[in-house]
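Engineer: Curious how this folds, go ahead:
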Amino acid sequence: MNQDLSGQMNNGEFLKYVKHDEIDYVKWDKCINEAPNSRVYALSWFLDRTAVYWNSLVWGDYDFVMPLPVKRKFGISYLFQPVYCQQLGIFPSPPAEISRKFYQKIEEKFSYADIQLNVENIPLNDMKGISFSLRNNFLLHTSTGYRNLNSGYSENTRRNVVRAGKNRLNYVEGIPQKDFLAFKMKNPAAKLSRQNFQNLKSIIAYSLHKGFGEIIGVYSPENNLCAAAFFCRWKNRLIYLNAVSNDEGKELRAMFFLIDRLLKNAADKNLILDFEGSMVPGIARFFQGFGAMPEVYSRMQINRLPRAIKWMKGMKG
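Structural biologist: Presented below is the predicted three-dimensional model:
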């Protein structure tokens, strides 16, 4: 640990719990932007649209920061992982002794937490009262040519791409937000709350306005939208943040077509296609079928709730 950080630890003022209305957004975003493990999910604008209300832990003068999405239920404040927000944790990733201070502070302030750290954060399995489990993200580097990318496809994926290519599908960039959201409302893959839908709408609108969001669609031969995906670009990551297909799209293998065409356009560029991973085997196989490799990050859980509450439905976002 460098001398400055050691000094901060010694003077007792190194780590503070900062409430939402006291966070310096300029210093916060500078810290996230410059961190080697930077993630779009931890930027203030993204947290405002996913967590909505979030406090933080701040080390020193925003040398290290950690967003804390907070909700309240049964009269208890707790930490949760917002939808559309895969990895949070500490930015930049600190040494183990500083990570321990962050985790201890969370345990002091909250009886319940179910959050996900980022891939560079250190899980400390010797901490009593805190459990860590591993989760998979899937990444695909596009710096090689398309031929090399295609050679990494599984046989099943290659077969589906060939089949999709015979279906006279049309790949279209720049799909309007209203068309994407209407299509998603008609074809929900899972139950989507009204709040989560509004959050997604806000994320897409801001990303498109700032120029780092794009919606790509696939149309059937009859010119019907049958698959679409919203991508958010952050630094060299192209994040597959939300996608949807209808029954026709699934039959026509439209999402295979979409990802394959995307990779043709991204080949030879210094990009990482971030699929955001999944612990669902079928979805994980779809990502891995394009040659994506797993990236492991940690889920952190604390549960010291009273026995009378533990049996109730879990405290989720």
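Engineer: Can you tell me what sits against whichever strand or helix holds residue 217?
Structural biologist: Secondary structure assigned from DSSP states H and E places residue 217 in strand 213-219. Among residues not part of strand 213-219, those counted as contacts by CB atoms under 8 Å, 6 or more residues apart in numbering are 169-177, 179-180, 203-204, 206-208, 225-233, 249, 254-255, 257-258, 262. Placement of C-beta: from N, CA and C, glycine included.
Engineer: Among those, which lie within helices?
Structural biologist: Secondary structure assignment (DSSP state H) places 177, 179-180, 203-204, 206-208, 249, 254-255, 257-258, 262 from the contacts of strand 213-219 within helices.
Engineer: Would you state the helices of the stretch 101-250 of the chain in chain order?
Structural biologist: According to DSSP state H, counting those that start in this stretch, the stretch 101-250 of the chain carries its helices in the segments 146-151, 155-165, 177-186, 194-210, 247-251.
Engineer: What is the burial count for residue 246?
Structural biologist: 18 (other CB atoms under 10 Å).
Engineer: Looks like it contacts residue 187 (just checking).
Structural biologist: Yes. In this structure, residue 246 is within contact of residue 187 by CB atoms under 8 Å, at 4.5 Å.
Engineer: Between the helices of the stretch 101-250 of the chain, which one is closest to residue 306.
Structural biologist: Residue 306 sits nearest to helix 194-210 of all the helices of the stretch 101-250 of the chain, at 27.4 Å, using CB to CB.
Engineer: quick one, the closest one and helix 177-186 angle?
Structural biologist: Orientation of helix 194-210 against helix 177-186 (axes from the mean of the first three to the mean of the last three CA atoms, to 10 degrees) gives an angle of 160 degrees.
Engineer: Please identify the buried residues of helix 194-210?
Structural biologist: Neighbour counts over helix 194-210 (16 or more other CB atoms under 10 Å) mark 199-204, 206-208 as buried.
Engineer: contact partners of that helix?
Structural biologist: Contacts made with helix 194-210 from outside it, assessed by CB under 8 Å, 6+ apart, are listed as 45-46, 49-50, 52, 82-84, 177, 180-181, 184-185, 213-215, 230, 232, 241-242.
Engineer: where in the stretch 1-150 of the chain is pLDDT low?
Structural biologist: Counting by pLDDT under 70, the ranges of the stretch 1-150 of the chain that qualify are 1-13.
Engineer: let's see 50
Structural biologist: Low-confidence segments of the stretch 1-150 of the chain, defined by pLDDT under 50: 1-3, 6-7, 10-12.
Engineer: residue boundaries of the strands in it?
Structural biologist: All strands of the stretch 1-150 of the chain, identified by DSSP state E, counting those that start in this stretch, fall at 15-18, 54-59, 64-73, 76-79, 112-116, 131-141.
Engineer: can you put those in CSV and add distance to residue 35?
Structural biologist: Formatted as CSV, the strands of the stretch 1-150 of the chain follow (distance: least, CB to CB, whole Å):
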stretch, distance to residue 35
strand 15-18, 17
strand 54-59, 12
strand 64-73, 9
strand 76-79, 20
strand 112-116, 17
strand 131-141, 17
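Engineer: Can I get those strands in TSV including mean neighbour count?
Structural biologist: Converted to TSV, those look like this (neighbours: other CB atoms under 10 Å):
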stretch	mean neighbour count
strand 15-18	15
strand 54-59	21
strand 64-73	21
strand 76-79	19
strand 112-116	21
strand 131-141	17
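Engineer: right, and those - which one's nearest residue 91?
Structural biologist: Ranking the strands of the stretch 1-150 of the chain by proximity to residue 91 (CB to CB) places strand 64-73 first, at 5.7 Å.
Engineer: could you give the angle of the closest one to strand 54-59?
Structural biologist: For the pair strand 64-73 and strand 54-59, the angle between their directions (the same axes, to 10 degrees) equals 150 degrees.
Engineer: Counting by contacts, list what strand 64-73 packs against.
Structural biologist: Using 3 or more CB pairs under 8 Å, 6 or more residues apart in numbering; DSSP states H and E, the elements in contact with strand 64-73 are helix 25-34, helix 44-50, strand 54-59, strand 76-79, helix 96-109.
Engineer: ok now do residue 30, which residues does it touch?
Structural biologist: If a contact means CB under 8 Å, 6+ apart, then residue 30 has residue 62 as its contacts.
Engineer: From residue 211, how far out is it?
Structural biologist: Computed as CB to CB, to the nearest Å, the residue 30 to residue 211 distance reads 20 Å.
Engineer: ditto for residue 193
Structural biologist: Note on residue 193: its distance to residue 211, by CB to CB, is 29 Å.
Engineer: And for residue 116?
Structural biologist: For residue 116, the distance to residue 211 equals 28 Å [CB to CB].
Engineer: one step back: if burial is judged by neighbour count, which of the contacts of strand 213-219 pass?
Structural biologist: 169, 171, 175, 180, 203-204, 206-208, 225-233, 249, 254-255, 257-258, 262.
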